[in-house]
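J.: when you get a sec, could you give me coordinates for this:
(one chain, ligands or ions: 2)
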Amino acid sequence: MPLKVIALGTGICSNGCSTGPRRFPPGFLIEYNNELLLLDAAEGVRYRIEDEGYDIGNIANIALTHVHPDHAALPQLLQAKLCRVLWGDPKPKMRQAKVYMHEASADGFEAVWNWHHPEAGGKLNHMPDKFQFSVEPIRSGWEREVIPGLTLKPFGVYHGFGQHPALGFRVETPEATIVYTGDAGITDSLFTSVANADLLIADASTRIGQSYTAGYGHMAPDQCGMLAARSGVKELWLTHYMGIDEPAAMEAEVRKQGFNGALKIATDGLQWSK
Ligand SMILES: [Zn+2]
Ligand SMILES: [Zn+2]
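T.: Numbers count the residues shown, from 1 in each chain. Ligands and ions are numbered 1, 2, ... in the order given. Below you'll find the predicted structure:
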């Protein structure tokens, strides 16, 4: 099976809200023909990658939906990748990484990096012979075959009162299409963006009974269900949920919307492959 998706983090921006299994903040790993793409990079994601048997040093593509702290512990991940080259045995294959993020957020990253590394004299790559990364600004409409046969297509989503530059990702391969909404409120355009996904990973950060449109920009389980049902989605994962509502109640909310496909209230370690 050339295509695999692993849930590294299906949790939220806090811990201790759920009595269920421990869930880390967001991260999803896609493996395609032995190459890796990481969608979102929360703190802790590097441990989950290791737990799943992968070397963080070998992740060459990192795509962020947006840079809220629960999705973008990027300096820590990049530092870990550099240190993995310095001390790893065996050394990782990849000495380079590309980081894809919204163009409106890319501008500010240098300041964040310099805040962490004032000793580097303003250089992003202060040990270029060991490890190099670059930031690639992306936007809705941009697309690239980031792994041979796998195309990354970002689309704009409504989040942070519509003021936070935020993306979802459509990942297309000849075998299947995977869509990850990132943090997203429900909008007309979202139905088009997720159309006919074989797997939809949807933000269900809003509690049952509290669904809204506009507002902050998250979905409740019923909205995820409506989105999946009307867009021809085959399998739906609810993620980024607080864990206060019972999984069975969340599932019922989805089913009420007429979604009959496979459904998972995602927990860390959940896998899908084709
Ligand atoms: Zn967010
Ligand atoms: Zn979030």
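J.: up against ligand 1, what does this structure have?
T.: 68, 183 (CB under 5 Å from the ion). In short, each C-beta sits where N, CA and C put it, glycine included.
J.: His71 and Ile62 touch, don't they?
T.: No: counting by CB atoms under 8 Å, His71 sits too far from Ile62 to count as a contact (11.3 Å).
J.: shared neighbours, these two?
T.: Each of Ala41 lies in contact with both His71 and Ile62 under the rule CB atoms under 8 Å, 6 or more residues apart in numbering.
J.: just checking, next helix/strand downstream of the helix or strand hosting Leu263?
T.: Assigned by DSSP states H and E, Leu263 belongs to strand 262-265. Next helix or strand after strand 262-265 toward the C-terminus (DSSP H and E): strand 271-273.
J.: tell me which residues in that following strand are buried?
T.: Trp272 (16 or more other CB atoms under 10 Å).
J.: partner strands of that strand, parallel or antiparallel?
T.: If you go by DSSP bridges, strand 271-273 pairs up with strand 3-9 (antiparallel).
J.: in the partner strand, what's buried?
T.: So strand 3-9, judged by 16+ other CB under 10 Å, has buried residues 3, 5-9.
J.: ok, is that strand in contact with ligand 2 or not?
T.: No: Strand 3-9 lies out of reach of ligand 2 by CB under 5 Å from the ion, never closer than 10.2 Å.
J.: what lies in contact with that strand?
T.: 23-32, 40, 42, 44-45, 48-49, 52, 173, 175-176, 178, 199, 201, 237, 239, 266-274.
J.: residue ranges with poor pLDDT in this protein?
T.: Scanning the chain for pLDDT under 70 picks out nothing.
J.: contact residues of it facing ligand 2?
T.: Counting by CB under 5 Å from the ion, the chain sits next to ligand 2 at 70, 183.
J.: nearest residue to the residue in the stretch 101-250 of the chain that ligand 2 sits nearest to other than its sequence neighbours?
T.: Relative to ligand 2, the nearest point of the stretch 101-250 of the chain is Asp183 (4.4 Å; CB to the ion). Of all residues not flanking Asp183 in the chain, His159 sits nearest, at 4.6 Å (CB to CB, 6 or more residues apart in numbering).
J.: what helix or strand does the one you found sit in?
T.: Per DSSP H and E: nothing holds His159, as it lies in no helix or strand.
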